[in-house]
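Asks: What follows is a protein structure lacking sequence information:
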DNA sequence: CGCATATATGAACACTTTCTCATATGTTTC
DNA sequence: GAAACATATGAGAAAGTGTTCATATATGCG
């Protein structure tokens, strides 16, 4: 997932006025220094971005999106979900675990059945806005 | 899709319902037939879901989310983006192509520079709602 | 024109993901 | 307790992804 290259970091404190000072944060010459430094200051917490990337990763699968789609309207048990999305119980269960781990779905146990639903409204929003983007 | 394996039908004819003769959609026994059929009827277009999965896939990378984060506040050229996210120009360019292909970013050419920005408001919304979900 | 700069892209390797098969866990029923 | 059922999970093969290196395209400048 992550495997980002060098951390780089930055904010060269010695950089100052014009001239040919080494305006390098990475390995490229800075074209718009102010914008870059502003962007660096306002950057989101990298941990949040990594976690968000993991969340999108779990949503990045048509079968899991079918599950999210179905659960956006009603709760369903694992067996029903397998029938709806047309894959094996094992595959659905694996998908559900991933969705659970990223807090995209939650479930309640009733006897030997497990009834799944979306975890919160953010998920329904992400799905709905994503569909809007796709439909345009 | 590939419903292979054992048949194990065991249909339950005592269950009522407006007689869609399909008591077996996959290879598992249906526990809540009505809910399953309703979910099947209301299913989103599979092509949309595949495209949406591709979109989430492109968002499912911390470096690309850093790019989206930076571009959510200002337009930046490729060189600046490389400095901000701390990876090589080549890597950024590869990422930008993917973001372009999924209509997550767009760009304008000015001389030899390419200035990128987010493609539409849906993207900013997806990013913002995703962050809310992460922060909870 | 020739050279530097800015961006784009192809190939390849390390790493990750997804599916299926086999099996484990927990619950209900006999 | 044993069998049947609903769900969960581990392992491993096949496919996919992200980065780097090398190089291509295109613009600007002297």
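Replies: Nice, I can see it. Because the structure is a prediction, the values reported are computed rather than measured.
Asks: Is residue A:110 bridged to anything, and to what?
Replies: Applying DSSP bridges to residue A:110 gives these bridge partners: residue A:113.
Asks: Report the separation between it and DNA strand C.
Replies: From residue A:110 over to DNA strand C the distance is 7 Å, taken as CB to the nearest atom of the strand, to the nearest Å. Placement of C-beta: from N, CA and C, glycine included.
Asks: Kindly tell me how buried that residue is, as a neighbour count.
Replies: Burial measure for residue A:110: 9 neighbouring residues, criterion other CB atoms under 10 Å in any protein chain shown.
Asks: cool, and residue A:133?
Replies: One way to gauge burial is a neighbour count; for residue A:133, by other CB under 10 Å, it gives 21.
Asks: swap in residue A:109?
Replies: Here the neighbour count serves as a burial measure; for residue A:109 (other CB under 10 Å) it reads 8.
Asks: which stretches of chain A have low pLDDT?
Replies: By pLDDT under 70, the weakly predicted segments of chain A are A:1-30.
Asks: quick one, helices of it?
Replies: Taking DSSP state H to define them, one finds helices in chain A at A:33-42, A:46-59, A:62-71, A:78-85, A:89-101, A:121-135.
Asks: Out of those, which is closest to residue B:92?
Replies: When the helices of chain A are ranked by distance to residue B:92, counting by CB to CB, first place goes to helix A:33-42 at 12.7 Å.
Asks: who does that closest one touch, helix- and strand-wise?
Replies: On a contact count with 3 or more CB pairs under 8 Å, 6 or more residues apart in numbering or on different chains; DSSP states H and E, helix A:33-42 meets strand B:76-77, helix B:78-85.
Asks: Can that helix be said to contact DNA strand C?
Replies: No. Judged by CB under 7 Å from any atom of the strand, helix A:33-42 and DNA strand C are separated, with a smallest distance of 11.5 Å.
Asks: Point out the most buried one among the helices of chain A.
Replies: With neighbours taken as mean count of other CB atoms under 10 Å in any protein chain shown, the helices of chain A reach their highest mean count in helix A:78-85, at a mean of 24.
Asks: That one and DNA strand C, any residue contact?
Replies: No. Contact of helix A:78-85 with DNA strand C (CB under 7 Å from any atom of the strand) is absent, the minimum separation being 9.4 Å.
Asks: Backbone dihedrals for whatever residue of chain A ends up closest to DNA strand C, both of them.
Replies: Each residue of chain A has a distance to DNA strand C, by CB to the nearest atom of the strand, and the smallest belongs to residue A:111, at 2.9 Å. Phi and psi for residue A:111, reported as degrees, to the nearest 10, are phi 60, psi -130.
Asks: tell me the contacts of it?
Replies: Contacts were defined as CB atoms under 8 Å, 6 or more residues apart in numbering or on different chains; by that measure residue A:111 touches no other residue.
Asks: and the gap between it and residue B:31?
Replies: Separation of residue A:111 from residue B:31 (CB to CB, to the nearest Å) stands at 11 Å.
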